[in-house]
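K.L.:
have a look; sequence and predicted model below, questions after that.
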Amino acid sequence: MPYPYKKMTEQDFDYIRSVTDSARVWVGDEIANEYHKDEMPEYGIYPPELYVEVENKEEISKIMAYAYEKNIPVVCRGAGTGLAGGATCKYGGILLSIMRMNKIFPVDHKNQTITVEPGAILIDVQAAAAAEGLFYPPDPGEKTASIGGNIITNAGGMKAVRYGLTRDFVRCIEAVMPDGSIMEFSSNVVKNTTGYDVKDLIIGSEGTLCILTKATLKLLPSPTCSCTVVLPFNSVEECADMVPEVLALPFVPTAIEFLERELVEIVERNLRKMFPVKQGEAALIVMYDASSKDELNSAVEALAESSLKHGALDCFLADTPERAASVWAVRAAILEGMKAESVSQEECDVVVPRAKIAEYVKAAKKIASSHGIRVQPCGHCGDGNIHTEMLRSAEMSDEEWKNATHASLTELYALAKQLGGQLSGEHGIGNGRIEFLEKFVGERMIRLYKAIKLAFDDRLILNPGKVIEFQPKELQP
Ligand SMILES: Cc1cc2nc3c(=O)[nH]c(=O)nc-3n(C[C@H](O)[C@H](O)[C@H](O)COP(=O)(O)OP(=O)(O)OC[C@H]3O[C@@H](n4cnc5c(N)ncnc54)[C@H](O)[C@@H]3O)c2cc1C
């Protein structure tokens, strides 16, 4: 533990109740088990001492000011769909849910923006924009995540190939700092070179710097039509080889994903969602958005011609909403399917330059297999963010699984670095990847990270032990 945190007492519980509402505060065994973990219990199960559902920034401010004074750790929680072990109370203390703060304010048409509270659900934000003829493009796989969680993890997702990441759509944010002060970062302007870009530092900070309480998001005009194309190939390596060919065409794809046949079958077997294409050992899924049918047809024709020349076994057009939905439903269910199929999972979330995708995929399969692990590379191959999913079979002992995944991850991160990639493309460091970070980014970078953390949170009370870990000797209590 980096710091001798205060163990919470009845007096502390009473204070939190007094500034919120006792009906929104739970302590000790009253706290449901789901709040002990996120979507990756493998990265730690930690019961909070107190769980509170806040309703506004003033409540958060009072809680933070108190925690700051008393030295109590606080972890902010969105929908708990994170895949890094981020929204958990590693050192006890308060778990603060912002999910009741879910207002979506009316679309600002003149600025083409929408302002939201952090507990608004991604799918509701997308729908609110669509209802006004506009489009919020970031599209991470988990649509029930909170928009605040998306911002604070800089969520990526399928459409990053064309539109970019959540960060690219955040105009400004409001946040409560660890000492309880309330601050605004940037404003509803298109550009800003006023001082350091602290807003962009907070985006992706995984709840370690401040608590996000409001954000204004950029919107785009909606595309008028779109089409999903499934290209079956004889191997996942051939799919990866096809990616640069797709990117070289004169149309920017919205999404490029890939799936191996085995993974499709896992989803079909366990979740009864049927993939419409049966051929091949792997499939590349390509989506185009366009503003006219002619543009869309030209993009799809160019893709069909190129892919058939490069070994695609077919070119299946999912050109109705129902067909497209059947393709994307299988893609979206991968994690759930893997959970149903295996005792537990580990995931490597590296991102590599797009020119290196095929090389990474080929080597990654060899690495994991050499350690006796069943592996499924899949995911966002259009942006080089390959999720290398490792599945634990029932026969593997705890020790065998731990050693094999550790050895595989060590080699996979070294491989990603050698190929010019990064350790995490979108899921972040949290608690799950912390032990690999220093080796990857180096000691000087870790010192920089620590200086940034201390500039925001000098008492290390906000989500301690995530992203970076301080040693007791580094701090004066
Ligand atoms: C099936 C599935 C598919 C997924 N697909 C994708 C994908 O395509 N791309 C992608 O990037 N991610 C994906 N994820 C991961 C996850 O959905 C994202 O990381 C999401 O952004 C987390 O949001 P959340 O509300 O669940 O946050 P939580 O899990 O509750 O929290 C995540 C982190 O953010 C912090 N936090 C949350 N809200 C706030 C706030 N208001 N202020 C300060 N800190 C806060 C927490 O402390 C924690 O560290 C997927 C997850 C699942 C289960």
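P.N.:
Nice, thanks for sending it over. Owing to the predicted nature of the structure, the values given are computational and were not obtained by experimental measurement.
K.L.:
neighbours around the residue in the stretch 251-400 of the chain positioned nearest to the ligand, how many?
P.N.:
Residue nearest to the ligand within the stretch 251-400 of the chain (C-beta to the nearest ligand atom): Leu335, separated by 4.0 Å. No exception for glycine: its C-beta is placed from N, CA and C like everyone else's. Leu335 is flanked by 20 other residues according to other C-beta atoms under 10 Å.
K.L.:
wait, it touches Glu39, no?
P.N.:
Yes. Counting by C-beta atoms under 8 Å, Glu39 is a contact partner of Leu335 at 7.5 Å.
K.L.:
how about Ala84, phi and psi?
P.N.:
phi -130, psi 0 (degrees, to the nearest 10).
K.L.:
which ones are touching it?
P.N.:
38, 40, 43, 153, 206, 424, 427-433 (C-beta atoms under 8 Å, 6 or more residues apart in numbering).
K.L.:
distance of the residue of the stretch 251-400 of the chain closest to the ligand from Asp179?
P.N.:
Per C-beta to C-beta, to the nearest Å, Leu335 is found 37 Å from Asp179.
K.L.:
ok so, going back, quick check on the residue of the stretch 251-400 of the chain closest to the ligand: phi, psi?
P.N.:
Torsion angles, degrees, to the nearest 10, at Leu335: phi -60, psi -50.
K.L.:
can you pull the contacts of it?
P.N.:
39, 141, 345.
K.L.:
what distance do you get for it to Ala358?
P.N.:
Taken as C-beta to C-beta, the span from Leu335 to Ala358 is 24 Å.
K.L.:
quick check: closest non-adjacent residue to the residue in the stretch 151-300 of the chain that the ligand sits nearest to.
P.N.:
Using C-beta to the nearest ligand atom, the single residue of the stretch 151-300 of the chain nearest to the ligand is Gly207, 2.6 Å away. Closest residue to Gly207 apart from its sequence neighbours, by C-beta to C-beta, 6 or more residues apart in numbering: Asn463 at 4.4 Å.
K.L.:
test my guess that that neighbour contacts Cys76.
P.N.:
Yes. Under the criterion of C-beta under 8 Å, Asn463 makes contact with Cys76 at 7.1 Å.
K.L.:
now do the shared contacts for the two.
P.N.:
By C-beta under 8 Å, 6+ apart, the residues touching both Asn463 and Cys76 are Gly207.
K.L.:
the two - which one has more neighbours?
P.N.:
Higher neighbour count among Asn463 and Cys76: Asn463, with 31 against 27, using other C-beta under 10 Å.
K.L.:
which ones are touching the more buried one?
P.N.:
Listed by C-beta under 8 Å, 6+ apart, the contact set of Asn463 reads 73-76, 86, 206-208.
K.L.:
circling back to that earlier point, in which helix or strand would I find the residue of the stretch 151-300 of the chain closest to the ligand?
P.N.:
Using DSSP states H and E, Gly207 maps to neither a helix nor a strand.
K.L.:
count of neighbours near it?
P.N.:
Using other C-beta under 10 Å, Gly207 has 26 neighbouring residues.
K.L.:
and for Pro4?
P.N.:
Quick note: Pro4 (other C-beta under 10 Å) scores 10 neighbours.
K.L.:
again, but for Thr320
P.N.:
Going by other C-beta under 10 Å, the residues that sit close to Thr320 add up to 11.
K.L.:
could you do the one 10 residues further on as well?
P.N.:
For Val330, the tally of surrounding residues (other C-beta under 10 Å) stands at 24.
K.L.:
list the residues that contact it.
P.N.:
Applying C-beta under 8 Å, 6+ apart, we find Val330 in contact with 259, 264, 267-268, 273-275.
K.L.:
tell me the buried residues in the strand or helix carrying it?
P.N.:
In the assignment (DSSP H and E), Val330 maps to helix 321-332. Neighbour counts over helix 321-332 (16 or more other C-beta atoms under 10 Å) mark 323-324, 326-328, 330-332 as buried.
K.L.:
point out where the stretch 351-477 of the chain drops to low pLDDT.
P.N.:
475-477 (pLDDT under 70).
K.L.:
Val52 belongs to a strand?
P.N.:
Yes. The assignment for Val52 (DSSP: H, G, I helix; E, B strand; the rest coil) places it in a strand.
K.L.:
quick check, it in contact with Val25.
P.N.:
Yes. Under the criterion of C-beta under 8 Å, Val52 makes contact with Val25 at 5.0 Å.
K.L.:
overlap in contacts, the two.
P.N.:
Listed as contacting both Val52 and Val25 by C-beta under 8 Å, 6+ apart are Ile16.
K.L.:
how about His387: what's its closest non-neighbour residue?
P.N.:
Leaving aside its sequence neighbours, His387 sits nearest to Gly379 (C-beta to C-beta, 6+ apart; 3.8 Å).
K.L.:
quick one: neighbours of the one you found, just the number.
P.N.:
Neighbours of Gly379 (other C-beta under 10 Å): 25.
K.L.:
same check, this time on Met101
P.N.:
Residues contacting Met101 under the criterion other C-beta under 10 Å number 23.
K.L.:
which parts of the stretch 201-350 of the chain sit against the ligand?
P.N.:
Contact residues, the stretch 201-350 of the chain versus the ligand (C-beta under 6 Å from any ligand atom): 206-207, 211-212, 335.
K.L.:
which residue does the stretch 301-450 of the chain have closest to the ligand?
P.N.:
The nearest approach of the stretch 301-450 of the chain to the ligand comes at Glu426, 3.5 Å away (C-beta to the nearest ligand atom).
K.L.:
ok, that residue touching Asn154?
P.N.:
Yes. Glu426 is within contact range of Asn154, at 7.3 Å (criterion: C-beta under 8 Å).
K.L.:
would the worst-scoring helix or strand of the chain on mean pLDDT count as contacting the ligand?
P.N.:
Among the helical and strand segments of the chain, the one scoring lowest on mean pLDDT, DSSP states H and E is strand 374-380, with a mean of 85. No. Strand 374-380 does not reach the ligand (C-beta under 6 Å from any ligand atom); its nearest approach is 7.0 Å.
K.L.:
rewinding a little: Ile152 is in contact with the residue of the stretch 151-300 of the chain closest to the ligand, correct?
P.N.:
Yes. Counting by C-beta under 8 Å, Ile152 is a contact partner of Gly207 at 5.5 Å.
K.L.:
residues near Thr9, how many?
P.N.:
Thr9, neighbours per other C-beta under 10 Å, totals 11.
K.L.:
now Thr20, nearest residue through space, not along the chain?
P.N.:
In space, and not counting its chain neighbours, Thr20 is closest to Glu59: 5.2 Å by C-beta to C-beta, 6+ apart.
K.L.:
Asn56 - nearest residue in space that isn't next to it in sequence?
P.N.:
Met101 (6.6 Å).
K.L.:
so which strand or helix has that neighbour?
P.N.:
With DSSP H and E as the test, Met101 turns up in no helix or strand.
K.L.:
wait, what's in contact with it?
P.N.:
If a contact means C-beta under 8 Å, 6+ apart, then Met101 has 54-57, 117-119, 213 as its contacts.
K.L.:
among the residues you listed, which are in strands?
P.N.:
Those of the contacts of Met101 mapping onto strands are Thr213, per DSSP state E.
K.L.:
shared neighbours of Gly207 and Ile152, anything?
P.N.:
Cys76.
K.L.:
where along the stretch 151-300 of the chain do the strands fall?
P.N.:
Listed in chain order, the strands of the stretch 151-300 of the chain (DSSP state E, counting those that start in this stretch) span 170-176, 182-185, 211-218, 220-221, 225-233, 255-260, 282-290.
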